[in-house]
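Engineer: Here is a sequence together with a model predicted from it:
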Amino acid sequence: MDSIAVKVVRKVKEAEDVFCYELARIDGAPLPPFSAGAHIDVHIGAKLTRQYSLCNDPTENQRYQIGVLRDPRSRGGSVAMHDKVHVGDTLKISPPKNHFPLAQADKTLLFAGGIGVTPILCMAERLARINADFEMHYCTRARERTAFLDRIKATSFASRVHFHFDDGPPDQKLILEEVLAKPNDGKHLYVCGPAGFIEHVVSTAKRLDWAGEHVHLEHFGAVAVESTGDSEFEVQIASTGKCYVIPAGRTVVEALGEQGIEIPVSCEQGICGTCITRVLGGTPDHRDTYFSDAERDRNDQFTPCCSRAKMDRLVLDI
């Protein structure tokens, strides 16, 4: 489906360094439907595209809401959104995509860290609407950094949401061992936020014998990868047979782009899946946060924006 032209109809400061943007179609028509956990690509500039989770009620079709944290380590996206995108501006967005869907469960546990609350809040809206059993734990550095605090407190499911502030008293801190103490076949867990937060939740669940297929996660940033030992390797283009050297310190996307071979990219961090390319030969060194362990083990596709090779050569279906 083609991109959608939308207008920014509201821009509201939700917390320190966080703005919420409300988007509606320029022509006033309904927006494509979406499910809890979905995100959209937002085209901020000619070559700047970023992914943002939808955080409003999935039953709404006249607007999309996204929350954007101004990241001091930004590669341009969040700073551009904060400083250059205002009420009345027009943007191009993609239809919604969902790589973080809700599964049917007897009980759902939702964990949000910082701006990772956006897809989790959407999930809470959905679960509350269908009268499902769930609870939500929302961890932030401080109350003033807690986006959507007032909105959550005004919802019908406010009693199911537990806020945990790093600078708060001990009795409100999240004790994961207690919350995750009784895994069973009917429970599912969802977590989104910074890499360290996700790792803490996932590793605790694993230690407490949660089934891997009942633990669902979505990263809001790339996971740090040790790259000091990287070496060059070759990529062979299956359609032409030509080989190209990928130097240490350069990505496959960058090196091939310099040779006129363009691979579509968006996040450039292995998060969104836009650049996924089939692998016909060789073994990738997966450095993304997009694929599941099972998908990685098949070694038949990889993310050339960040992943490399474990062998001297990869053959790509290009």
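Structural biologist: Arrived safely, thanks for sending.
Engineer: Look up phi and psi at Arg10.
Structural biologist: Dihedral angles of Arg10 (phi, psi; degrees, to the nearest 10) stand at phi -150, psi 150.
Engineer: Tell me the spatial nearest neighbour of it, not counting adjacent residues.
Structural biologist: Leaving aside its sequence neighbours, Arg10 sits nearest to Glu22 (C-beta to C-beta, 6 or more residues apart in numbering; 3.9 Å). Bear in mind the C-beta positions are built from the backbone N, C-alpha and C, glycine included.
Engineer: Help me confirm that that neighbour is found in a strand?
Structural biologist: Yes - inclusion of Glu22 in a strand is indicated when DSSP: H, G, I helix; E, B strand; the rest coil is applied.
Engineer: Distance of it relative to Ile261?
Structural biologist: The gap separating Glu22 from Ile261 is 39 Å, by C-beta to C-beta, to the nearest Å.
Engineer: Isn't the residue nearest to Arg10 up against Val9?
Structural biologist: Yes - taking C-beta atoms under 8 Å as the definition, Glu22 is a contact partner of Val9 at 5.1 Å.
Engineer: what's the overlap in contacts for these two?
Structural biologist: Arg63 (C-beta atoms under 8 Å, 6 or more residues apart in numbering).
Engineer: out of the two, which sits in the busier spot?
Structural biologist: Glu22 (18 against 13; other C-beta atoms under 10 Å).
Engineer: Tell me the bridge partners for the more buried one.
Structural biologist: Residues in a beta bridge with Glu22, per DSSP bridges, are Arg10, Gln65.
Engineer: which stretches of the stretch 101-250 of the chain form helices?
Structural biologist: 117-129, 149-153, 176-179, 195-207 (DSSP state H, counting those that start in this stretch).
Engineer: which residues are contacting the last one?
Structural biologist: Contacts of helix 195-207 with the rest of the structure, by C-beta under 8 Å, 6+ apart, involve 111, 113-114, 116, 139, 176-177, 180, 183, 189, 191-192, 212, 215, 217, 219, 221-224, 289.
Engineer: can you rerun that using 7 Å?
Structural biologist: Under the contact criterion C-beta atoms under 7 Å, 6 or more residues apart in numbering, helix 195-207 has outside partners 111, 113, 139, 176-177, 180, 189, 191, 215, 217, 219, 221, 223.
Engineer: likewise the first one?
Structural biologist: Contacts with helix 117-129, where a contact means C-beta under 7 Å, 6+ apart, come from 36-37, 53-59, 66-67, 100, 102, 108, 110, 112, 134, 136, 138, 147-148, 156-157, 190, 192, 218.
Engineer: What of the second one?
Structural biologist: Contacts of helix 149-153 with the rest of the structure, by C-beta under 7 Å, 6+ apart, involve 143, 158, 161.
Engineer: Now do the buried residues in it.
Structural biologist: 149, 152 (16 or more other C-beta atoms under 10 Å).
Engineer: residue ranges with poor pLDDT in this structure?
Structural biologist: Within the chain, the ranges that satisfy pLDDT under 70 run 1, 74-75, 220-227.
Engineer: How is it divided into domains?
Structural biologist: As assigned by automatic domain parsing, the chain contains the domains 4-93, 107-219, 233-316.
Engineer: Just the terminal-to-terminal distance for the longest one.
Structural biologist: In domain 107-219, first residue to last residue: 22 Å (C-alpha to C-alpha, to the nearest Å).
Engineer: Report the distance from that domain to the chain centre.
Structural biologist: 15 Å (C-alpha atoms, centre = their mean, to the nearest Å).
Engineer: Equivalent analysis for the last one, please.
Structural biologist: Relative to the centre of its chain, domain 233-316 is centred 20 Å away, using C-alpha atoms, centre = their mean.
Engineer: Show the end-to-end separation of that domain, please.
Structural biologist: End-to-end for domain 233-316, by C-alpha to C-alpha: 13 Å.
Engineer: Repeat that for stretch 155-174.
Structural biologist: Counting by C-alpha to C-alpha, the terminal residues of stretch 155-174 are separated by 22 Å.
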